[in-house]
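Asks: just coords:
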Ligand SMILES: CC(=O)N[C@H](C=O)[C@@H](O)[C@H](O)[C@H](O)COP(=O)(O)O
C-alpha cells in the first residue's frame, strides 16, 4: 500500500505526538522470529492507534508496506566485526530499506566509527531519495554530531545500551529533555517505555513522538514481568 509520495518534512510531521510501535524479533529463533508474524503484530498495533511502525530488515519493510500506508521507519540489525555499530551500519542497508518502501531510515550514531560510509554519507544518500534519517543515539554529544551530519530526527534509543551509558535506565528522559531544549530537530523517546506514565513523561520532556517496542511486541518479556510479580508462597493468602 504505497502512500502518495511524501517529503522528508511530511514524514517527520506524521510522527508528531504519536506512538510508534517497534515490531521486531526480540529473540532470534524465537516463535515471533518470522516476517509475517511481525507484520501482523505491527498491524494489530496500528488498529490500536499506533501512528507509525519501526521494523527491522528490508523484507519486513516490504511486507508491511504492502499492507499499510502508515509511516514505516526501517532499520537493519547486524553485527559488523570490529565495530560496535549494529543498527543500519552501511549505506547498502539504508538503500535496501528505501527500495523496500521505508519512509524513514534509522541508523545508529557510531562514535567509534562505521565499517564503510559515514553517517553523513548515509544521510546524504537518503536525502537524495527524499527520505529522512533518524539517528539512534546514546548521548547528547552523539545527537549533536548526528544533527551536524544531517539527521532529521534524533532518538534516545541507545541510552543505557552502550559501554559509556550502562548507568542510564531507559527511558532516557533527562537526555530527551536536554536534546529537546538544545537541538533544532525533533526528538523521539525510544527505549524502556512500558507504561502510560512514561509516555506522558516523555511528551512532558519535549518528545515529538515515542517509540514503544517490547511493551507491545515482546510477549516473552511482558509475561516474565508479570510472572515475576507473583508473590512468594508465604505471602499468598491460603485458600480452603
Ligand atoms: C538498543 C536497541 O538495540 N534497541 C532496538 C532498536 O531498534 C530494539 O531492540 C528496541 O526494542 C527498541 O529500541 C524499542 O525499545 P523498547 O523495546 O525498550 O521499547
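Replies: That came in fine, so what should we check first? The shown structure was predicted, so the numbers you read here are calculated from the model rather than taken from an experiment.

Asks: Is any residue of stretch 104-118 near the ligand?
Replies: No: Stretch 104-118 is not in contact with the ligand by C-beta under 6 Å from any ligand atom; minimum separation 7.2 Å. Glycine gets a C-beta too; all of them are placed from N, C-alpha and C.

Asks: Can you list the buried residues in that stretch?
Replies: Residues of stretch 104-118 classed as buried: 104-111, 114, 117 (neighbour count, 16 or more other C-beta atoms under 10 Å).

Asks: now do the same end-to-end measure for that stretch.
Replies: 18 Å (C-alpha to C-alpha, to the nearest Å).

Asks: what does stretch 72-89 give?
Replies: Per C-alpha to C-alpha, stretch 72-89 runs 18 Å from first to last residue.

Asks: how about the strands in this protein?
Replies: 19-22, 52-56, 72-75, 104-108, 133-136, 153-155, 187-190, 209-212 (DSSP state E).

Asks: who touches the longest helix along the chain?
Replies: For the chain, the longest helix by residue count, based on DSSP state H, is helix 35-47. For helix 35-47, contacts defined as C-beta atoms under 8 Å, 6 or more residues apart in numbering pick out 21, 23-25, 31-32, 50, 53, 55, 57, 59-60, 63-64, 67-68, 70, 216-217.

Asks: And those, which of them are buried?
Replies: Among those, those scoring as buried are 21, 23-25, 32, 50, 53, 55, 57, 60, 63-64, 68, 70, 216-217 (criterion: 16+ other C-beta under 10 Å).

Asks: Okay, angle between the longest helix of the chain and strand 52-56 too, please.
Replies: Per axes from the mean of the first three to the mean of the last three C-alpha atoms, to 10 degrees, the angle that helix 35-47 makes with strand 52-56 is 160 degrees.

Asks: ok so, going back, inside helices: which ones of the buried ones among the contacts of helix 35-47?
Replies: Those of these mapping onto helices are 60, 63-64, 216-217, per DSSP H.

Asks: any idea of the pLDDT on the closest residue to the ligand within the chain?
Replies: Here the chain gets closest to the ligand at one residue, residue 213, 2.8 Å apart by C-beta to the nearest ligand atom. With respect to pLDDT, residue 213 scores 98.

Asks: So which one of the buried residues of stretch 104-118 is the model least confident about?
Replies: Within the set of the buried residues of stretch 104-118, pLDDT is lowest for residue 111 (89).

Asks: For the chain, which residues are neighbours of the ligand?
Replies: Counting by C-beta under 6 Å from any ligand atom, the residues of the chain near the ligand are 22, 24, 75, 87, 157-158, 161, 190-193, 211-215.

Asks: Show me the shaky parts of this protein.
Replies: For the chain, the stretches flagged by pLDDT under 70 are 235-240.
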